[in-house]
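Undergrad: how would this look folded up:
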Amino acid sequence: MIRNLILLFASFYALKSFGKLDYDLRLASRSYPQGIAAQSDIGYGYKLWEKDKVMYGYLRPGLNFQASGVVNYAGAQLDFYPVSFIGISYGKTYGHRSFDEFQGFDCQSISCENSIEKSHLGVNLALAYKNIKLINLYKKQDFSNETPGQFFAEEYSNLVGFEDDELTTNVTLLGYQLTEKLLIGFFHMYNKMERTNQISRAKLLMGNFTSGDFVYQAGLGTFENRNKVDHLSAIFILSWKGAKGLRLF
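TA: Below is the predicted model:
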């Protein structure tokens, strides 16, 4: 037993010389659909190869958390970046919701309070040319719902799912770096729930200001809900970059 622990710690420190820890904390609020949450990610990236500061590949196991008092999630994932600016992510998330008044949902007829288990597969891309930057995040989530015939609310997309549904989300941010600290851009988010065939979209003008380890993000635009009605929507995010690690974004 002791020998195995010694070997385990020796292996960890051997790998540590090739890897870097990353962690951050975000406070996010949104006016429509209404929501506020604290989010955190922590991971450890292991370099697989390296040519220079931009061209390298890595593997990153990580944990993520989200808490808002009434909606809480915890998950684990594995990121594989064959090249630093494009990667694949797979993970599992577990959570519980204890709120029955989500904006835009009739929680008397669909499930708003329940335990949640879901898995996701994502593809992340970041490109830059001079002052122009493009980030695209694609994610497909598979929900596990043990109650047959049950419709459920998905608060992030503002969509209704049915039983073991699938939610596809694609987020695109096209930005221009005005100064070293200030970036402005256009944010577009597309959501689709597979079994109910519902769609929602967000279109926002965004500003991103960096000051030391803190990043302030604000956006204003519209959110088109599942009934194809546009609502004015504003978002604000305060991020603390504790350690960047190997991630470019």
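Undergrad: would you map the strands across this protein?
TA: Along the chain, the segments classed as strands by DSSP state E run 19-30, 35-50, 56-67, 71-83, 86-97, 115-129, 132-144, 151-154, 159-162, 166-177, 182-193, 198-211, 214-224, 230-243.
Undergrad: buried residues in the second one, which are they?
TA: It stands for strand 35-50. G35, A37, Q39, D41, I42, G43, Y44, G45, K47 (16 or more other C-beta atoms under 10 Å). Glycine gets a C-beta too; all of them are placed from N, C-alpha and C.
Undergrad: residues in contact with the fifth one?
TA: Neighbour list for I42: L21, D22, Y23, G62, L63, N64 [criterion: C-beta atoms under 8 Å, 6 or more residues apart in numbering].
Undergrad: of the buried residues of strand 35-50, closest to V71?
TA: A37 (7.1 Å; C-beta to C-beta).
Undergrad: if the closest one is in a bridge, with which residues?
TA: Per DSSP bridges, the residues bridged to A37 are A28.
Undergrad: among the contacts of I42, name the buried ones.
TA: By 16+ other C-beta under 10 Å, the contacts of I42 give D22, Y23, G62, N64 as buried.
Undergrad: name the nearest of these relative to E166.
TA: E166 lies nearest to N64 out of the buried ones among the contacts of I42, by C-beta to C-beta, at 20.0 Å.
Undergrad: doesn't R26 make contact with the closest one?
TA: No. Assessed by C-beta atoms under 8 Å, N64 is found out of contact with R26, at 10.6 Å.
Undergrad: need the residues touching each of these two.
TA: Q39, S40.
Undergrad: still on that earlier bit, let me have the buried residues of strand 35-50 in TSV, extended by pLDDT and distance to K181.
TA: Shown next, in TSV, are the buried residues of strand 35-50 (pLDDT from 0 to 100; distance: C-beta to C-beta, whole Å):
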residue	pLDDT	distance to K181
G35	90	27
A37	95	26
Q39	97	23
D41	96	23
I42	96	26
G43	96	26
Y44	96	28
G45	96	25
K47	95	29
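Undergrad: let me know the closest of those to R226.
TA: Once C-beta to C-beta is applied, the member of these that ends up nearest R226 is G35, at 16.1 Å.
Undergrad: relative to E155, how far out is the closest one?
TA: To E155, G35 is 7 Å away according to C-beta to C-beta, to the nearest Å.
Undergrad: please report phi then psi for V229.
TA: Phi and psi for V229, reported as degrees, to the nearest 10, are phi -110, psi 130.
Undergrad: tell me how far it lies from Y32.
TA: V229 is 11 Å from Y32, by C-beta to C-beta.
Undergrad: point out where this protein drops to low pLDDT.
TA: Applying pLDDT under 70 to the chain picks out residues 1-19, 146-147.
Undergrad: kindly recompute the last result at 90.
TA: 1-19, 53-54, 69-71, 96-109, 111-116, 144-150, 248-249 (pLDDT under 90).
Undergrad: next, the distance between the ends of stretch 235-249.
TA: Start-to-end span of stretch 235-249 (C-alpha to C-alpha, to the nearest Å) is 20 Å.
Undergrad: looking at the contacts of I42, which is nearest Y216?
TA: Nearest to Y216 among the contacts of I42: Y23, at 19.0 Å, using C-beta to C-beta.
Undergrad: which one of the buried ones among the contacts of I42 is nearest Y129?
TA: Checking the buried ones among the contacts of I42 against Y129 with C-beta to C-beta, the nearest one is D22 at 25.4 Å.
Undergrad: the closest one - nearest residue in space that isn't next to it in sequence?
TA: Using C-beta to C-beta, 6 or more residues apart in numbering and skipping the chain neighbours, the partner closest in space to D22 is G245 (2.7 Å).
Undergrad: how many residues are close by the one you found?
TA: G245: 20 surrounding residues under other C-beta atoms under 10 Å.
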